[in-house]
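Visitor: This is a predicted model, with the sequence first.
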Amino acid sequence: MRSVGPFDGWLRGAIVQFKYHGEWARAAQLSEPLAAAVAHMQQAEALIPVPLHAARLRQRGFNQSLLLAQHAGRLLGIEVKEALIRTRRTDAQANLGSEQRTINVAGAFAAQPGFPVAGLSVVLIDDVITTGSTLSACAKALRSAGATSVTAASLAREM
């Protein structure tokens, strides 16, 4: 896993404004350092955003991870594949402890039909990594679908 920086200071403020206050224009700005982080990782054949459940997507109006992946993908010339789906609604991770987060997302992701990842080296994209539970659950689904390598990049990491 690689992150642009700690979930603190200006980066925290920018992510909160982007994610919770609908400042979609920040996606382009925030994706530049994210793309740089991905560029320092092993060669990726696809960027895969962490999906939102349909209900959360309707509530928020956009998937922040998808917007970040799309902008970073354009900068890097790497295809973005919406290769994962949420199989069930989960509680917001921000309100849960470490063990609860792992339980909350266990089995909550599956490979999306029509987006083959078998044999690919992929990078999961998310906005913030706290315990890594969400990314671990996503990686498990991608490995089950045949991805040869799954790494992850985010804007920020909770320290």
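Guide: Sure thing, it's come through. Everything numeric in this text was worked out from a predicted model, so none of it was measured.

Visitor: which residues of the protein fall in strands?
Guide: Per DSSP state E, the chain carries strands over the ranges 2-6, 46-49, 84-86, 109-111, 121-129, 149-157.

Visitor: Mean neighbour count, those: which tops it?
Guide: With neighbours defined as mean count of other CB atoms under 10 Å, the strands of the chain peak in mean count at strand 46-49, which reaches a mean of 26. C-beta here means a position set from N, CA and C on the backbone, and glycine is covered the same way.

Visitor: Which elements pack onto that strand?
Guide: Secondary-structure packing of strand 46-49 (3 or more CB pairs under 8 Å, 6 or more residues apart in numbering; DSSP states H and E): helix 64-76, strand 121-129.

Visitor: Turn these into a markdown table, columns for mean pLDDT and distance to Gln17.
Guide: Compiled in a markdown table, these are given as follows (pLDDT from 0 to 100; distance: least, CB to CB, whole Å):
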| stretch | mean pLDDT | distance to Gln17 |
| --- | --- | --- |
| helix 64-76 | 96 | 11 |
| strand 121-129 | 95 | 12 |
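
Visitor: Reformat these as CSV; add distance to Gly114.
Guide: Shown next, in CSV, are those (distance: least, CB to CB, whole Å):
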stretch, distance to Gly114
helix 64-76, 16
strand 121-129, 16
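
Visitor: Looking at the ones you listed, spot the one closest to Ser98.
Guide: Closest of the helices and strands packed on strand 46-49 to Ser98 is strand 121-129, at 12.5 Å (criterion: CB to CB).

Visitor: what about the most centrally placed residue in the chain, distance to Val4?
Guide: Nearest to the mean C-alpha position of the chain, counting by CA atoms, centre = their mean, stands Asp126 at 2.3 Å. Remark: distance between Asp126 and Val4 (CB to CB, to the nearest Å) = 12 Å.

Visitor: Between those two, which contacts overlap?
Guide: Residues touching both Asp126 and Val4 (CB atoms under 8 Å, 6 or more residues apart in numbering) are Ser154.

Visitor: Take the strands of the chain and write them to TSV, including distance to Leu75.
Guide: Below are the strands of the chain laid out as TSV (distance: least, CB to CB, whole Å):
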stretch	distance to Leu75
strand 2-6	14
strand 46-49	11
strand 84-86	22
strand 109-111	26
strand 121-129	12
strand 149-157	13
